[in-house]
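Undergrad: The sequence and its predicted three-dimensional model are supplied below.
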Number of protein chains: 2
Amino acid sequence: MSENRSSPPEILALSLTSAYRRLYDQAARCARNNGLQIEAWSVLETLEAGERLTMGQIAQAVAMKLPALSKLVDRMVSEGLVHRQPSRSDQRQVNLLLTDLGRKRMMQVRGAMVDHDAGVRAALGEGRAMQVQAILADLARLPDSPH
Amino acid sequence: MSENRSSPPEILALSLTSAYRRLYDQAARCARNNGLQIEAWSVLETLEAGERLTMGQIAQAVAMKLPALSKLVDRMVSEGLVHRQPSRSDQRQVNLLLTDLGRKRMMQVRGAMVDHDAGVRAALGEGRAMQVQAILADLARLPDSPH
DNA sequence: AGAAAATAGTTGACCGGGAAAGTAATTTCA
DNA sequence: TGAAATTACTTTCCCGGTCAACTATTTTCT
């Protein structure tokens, strides 16, 4: 009856992945119901928070790779949510600007998202919710390869 | 000079996404260096932990959707890491079985992954690492739509 | 028992993301 | 000054994921 199985190590990246998938799926559905991809929403939020951002700055802020962002922005432009404007000071750079429609949709989704988040926070307990958010923020800021 | 911008709300799903992307990218590279997709590795770990699992149980354990898992397993089979076996008691079900090669590769990646994780834990502080892992586990277990 | 509903998993069409190469503008420096 | 290197972004090709439809098996219900 020897059980020669090794127990799976508890890896942060693994726990993070499971939690992420659950919350992300829910949040994505929540955004989708309001006609927006969650990535698009977070781009819109980023634009609202600080004006005249370049593609690179936005990619950094929303943790997307540039090609992915570039294509997302293509879609957002064709939906009339944002428009591109070549930077005056450096013609290589592109500033992304919110349209009225973009701002409107962003606000809609924000409402739904805040509601949903409140549910999760309640289920988790507000204290632990605050803890985990703080730690996650630290994790996101960690140096690139601490191995 | 009125700044009529609204500040972006602090949403758990968003914080989680940023942290996830960073850690996941690093962990994925770590697995890739040892010739394994990180999802494949976590499937292997799951199999090692509990025998005779069905596709559905595995999908649940690794938080993947069934079609994604099914295709991942196709690849894993063709690499000789696992093999499918129809369940005796219910012919609809499929049990996934580790091969020797699968177990070997799993152990290899586990080593690399534990090392990497130790770095992250150290950077974060062991206390907070334990906290966040516990909370993430709770998050992953949250009911499906608490809105 | 046997038709209808439910369940487990796979398949196909389509879409979004990643790596690497490509383009255009700007900076460096000999 | 102008050729080489760098930077900012886009495009291309491919891979993996999702949704919805499908197949096969089992359960339910009359």
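TA: Ah, there it is. Residues are numbered from 1 along each chain as shown, chains lettered A, B, ... in the order given.
Undergrad: going forward, measure contacts and count neighbours with C-alpha atoms only.
TA: Noted.
Undergrad: what sits up against the longest helix seen in chain A?
TA: If you go by DSSP state H, chain A has its longest helix at helix A:100-124. With contacts defined as CA atoms under 8 Å, 6 or more residues apart in numbering or on different chains, helix A:100-124 is touched by A:27, A:30-31, A:34, A:36, A:41, A:44-45, A:48, A:80-82, A:129, B:9, B:11-13, B:138-139, B:142, B:146-147.
Undergrad: Quick one, which of these are buried?
TA: Buried members of the contacts of helix A:100-124, counted by 16 or more other CA atoms under 10 Å in any protein chain shown: A:27, A:30-31, A:34, A:36, A:41, A:44-45, A:48, A:81-82, A:129, B:11-13, B:139, B:142, B:147.
Undergrad: What residues of stretch A:15-35 count as buried?
TA: For stretch A:15-35, a neighbour-count test (16+ other CA under 10 Å) marks A:15-24, A:26-31, A:34 as buried.
Undergrad: For A:Leu53, what are phi and psi?
TA: When read as degrees, to the nearest 10, the backbone of A:Leu53 gives phi -90, psi 150.
Undergrad: What sits closest to it if chain neighbours are left out?
TA: Among residues not flanking A:Leu53 along the chain, A:Asn95 sits closest, at 5.4 Å (CA to CA, 6 or more residues apart in numbering or on different chains).
Undergrad: roughly how far apart are the one you found and B:Glu79?
TA: To B:Glu79, A:Asn95 is 46 Å away according to CA to CA, to the nearest Å.
Undergrad: again, but for A:Gly102
TA: 46 Å.
Undergrad: Between the two, point out the one with more neighbours.
TA: A:Gly102 (24 against 12; other CA atoms under 10 Å in any protein chain shown).
Undergrad: circling back: so how far is the helix or strand that the longest helix of chain A is followed by from its chain's centroid?
TA: Going down the chain from helix A:100-124, the next helix or strand is helix A:126-141, by DSSP states H and E. Chain-centre distance of helix A:126-141: 15 Å, with CA atoms, centre = their mean, to the nearest Å.
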